[in-house]
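> Here you go, sequence then predicted model.
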Amino acid sequence: MYWAFFLAVSIAFLSDGVEMLIRTRAFFRNKSKLSEFRSGLEEKDLCDPNFTVIMPAYRNSDAAGRSVRHLLEIGIPSKQILVVDDFSNDQYTTAREMSKLGIRVISITRNSKKVGAINLGLDAVKTDYVILLDSDSFVVSSYQRLREAMLEMQILGLDAMAGRVLPCGYSPTVESELFPLSEKRSRWLQLQWLEYDQSMRLGRGAMYALKKAESKFRIKYAEVSSVSGAFGIFRRTALIKALKRFEDKEESFLGEDIERTWKLLDNKGNIGYSDDIIVLTSAPLGAVGHFKQRVIWAEGLFRCVFTDFGLSLVRRKLAGASYAMSLVRDVLLQPLRILSLALLFSNPVGLFSILLFYFILNILLTREVSHDMYPSTKILLLLPFYRLYVSTIPTTVGYLYAFLHQIKLYAKPKRVIPPIRIANEWNGF
């Protein structure tokens, strides 16, 4: 019995490292073909893609203003930006500030928890593609790179394109946040920077690849299992179809990015990833804010994996494997991660061996995958401890919250959610 328990704990911890090895190999193997394909995009005789940036905003007019100004600076015309003021209830401060920049703004009658604001924005635009961008995020890449990503989507028939999302402070400027990790910066932010980077490159990049035959490229696989809530490019009709299910579920719609992505895959969609579309998004700089954020993320993951559209991913080769790994390793084996602390006293040598392997693997992979970020030795040594902390304490709390939430949903009668109506439209076109 003891050895069975010890084996289960070993699998819970070591599978994380083994999965990272597999994804690292896949990411670097795919990168060369993707680079070759993208270098020839300008030679293609294609129609210029038309798109709209939809930005839900809620009580953060300063951050939204900085984000919109940067969109204008990289060349996106104001008529291609739509801000949905998600009932900020701030005497229309958010709407007025956005409209001063010549941006179309729609104010609505109640807070709709982001998904309602996105749905309303989709109803208001007619372009082939939409970019969903959080109001506290910056698109660092150029207008031309965004255009090339949409050309890639046209050629290959993709329904969505994920980008490389990296964390920054709550009140960032693009110039102050784009510097190596070796410079002075909050330790929490440095650790999150490496965590996000590996999540993007290994989690997204390892699930998107092309194959080449007779100088022509075709999709090998495009099953990226999560397009970040901070940024994503979508084919508008595919996104409308994916979000239709959630029209009356805004208040319980917690894992918004995962649920939306899984629904796209459930609809037989293809999702790509671009490592050179870089987006900075706000992240908590302190331990308390970080803990609360990760509890919410864990709660969202727990509620997502136990859904019918989550189970439907099983029929997709890579997305199904990723889902199964999340279900077993990240959810079902979670109690063993916590109980494994008892092994410190019963078999410290065995547990030390597991953790040593996990630490060495994390450090080596970080040096390989995030080499362009120049992490310091101190941060490399702290990273495995950080990963273990995230995967145990806040994750467990989030799972408990999700479990209690599901009980409440079954125990109390369903409340009728009032419809979303436009309160005011600014600078309408």
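Structure received.
> Tell me who's in contact with Tyr92.
Asp85, Ser107, Asn424 (CB atoms under 8 Å, 6 or more residues apart in numbering). All C-beta atoms are positioned from the backbone trio N, CA, C, and that covers glycine.
> who touches the residue nearest to the first one when sequence neighbours are not counted in this structure?
In other words, Asp85. Using CB to CB, 6 or more residues apart in numbering and skipping residues adjacent in sequence, the residue nearest Asp85 is Ser107, 4.2 Å away. Residues in contact with Ser107 (CB under 8 Å, 6+ apart) are Asp85, Phe87, Tyr92, Ala95, Ile422, Ala423, Asn424, Glu425, Trp426.
> so of those, which ones are in helices?
Using DSSP state H, the members of these that fall in helices are Ala95.
> Most neighbours among the contacts of Ser107, please name it.
Highest neighbour count within these: Asp85, with 31 neighbours (other CB atoms under 10 Å).
> So what sits opposite that residue in the bridge?
Ala57, Ser107 (DSSP bridges).
> Could you single out the nearest of the contacts of Tyr92 to Ala162?
Asp85 (26.3 Å; CB to CB).
> isn't the closest one right next to Ala95, touching?
Yes - using CB atoms under 8 Å, Asp85 is in contact with Ala95, at 4.7 Å.
> Mind listing the shared neighbours of the two?
With CB under 8 Å, 6+ apart, Asp85 and Ala95 have common neighbours Val105, Ser107.
> At which residues are the helices of the stretch 51-200 of the chain located?
Ranges of helices in the stretch 51-200 of the chain, per DSSP state H, counting those that start in this stretch, are 61-73, 93-100, 115-124, 143-156, 174-177, 187-198.
> Those into a markdown table, with extra columns for mean pLDDT?
Below are those laid out as a markdown table (pLDDT from 0 to 100):
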| stretch | mean pLDDT |
| --- | --- |
| helix 61-73 | 89 |
| helix 93-100 | 84 |
| helix 115-124 | 89 |
| helix 143-156 | 92 |
| helix 174-177 | 48 |
| helix 187-198 | 88 |
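> Of those, which is nearest Ser135?
helix 61-73 (3.8 Å).
> which residues touch that closest one?
53, 55, 57, 78, 81, 83, 88, 90, 93-94, 97-98, 101, 103, 133-139, 170-174, 282.
> same thing with stretch 142-154?
37-38, 41-42, 44, 46-49, 51, 74-76, 129, 131, 139, 158-161, 163, 233, 235, 272, 274, 276-277.
> So among those, which ones count as buried?
Neighbour-count burial (16 or more other CB atoms under 10 Å) applied to those gives 37-38, 49, 51, 74, 76, 129, 131, 139, 158-161, 163, 233, 235, 272, 274, 277.
> Buried ones in stretch 94-105, by neighbour count?
Buried, per 16+ other CB under 10 Å, within stretch 94-105: Thr94, Ala95, Glu97, Met98, Ser99, Leu101, Ile103, Arg104, Val105.
> could the residues you listed be laid out in CSV, adding distance to Lys263?
Putting the buried residues of stretch 94-105 into CSV (distance: CB to CB, whole Å) gives the following:
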residue, distance to Lys263
Thr94, 29
Ala95, 30
Glu97, 33
Met98, 29
Ser99, 33
Leu101, 33
Ile103, 29
Arg104, 27
Val105, 28
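> got any ranges where the stretch 251-400 of the chain has weak pLDDT?
Low-confidence segments of the stretch 251-400 of the chain, defined by pLDDT under 70: 251-255, 340-345, 347, 350-351.
> what about the helices in it?
According to DSSP H, counting those that start in this stretch, the helices that the stretch 251-400 of the chain contains are 256-266, 287-305, 308-311, 317-325, 334-339, 343-346, 348-369, 377-411.
> if you compare the ones you listed, which one is most tucked away?
Across the helices of the stretch 251-400 of the chain, averaging neighbours per residue (mean count of other CB atoms under 10 Å) puts helix 256-266 on top, at a mean of 23.
> helices or strands up against that helix?
Packing partners of helix 256-266 (3 or more CB pairs under 8 Å, 6 or more residues apart in numbering; DSSP states H and E): helix 236-243, strand 271-282, helix 287-305, helix 308-311, helix 317-325.
> Quick one: residues in contact with it.
So helix 256-266 is contacted by 114-115, 159-160, 223-229, 232, 234, 238-239, 242-243, 245-246, 253, 271, 300-301, 304, 307, 309-310, 312-313, 316, 319, 323 (CB under 8 Å, 6+ apart).
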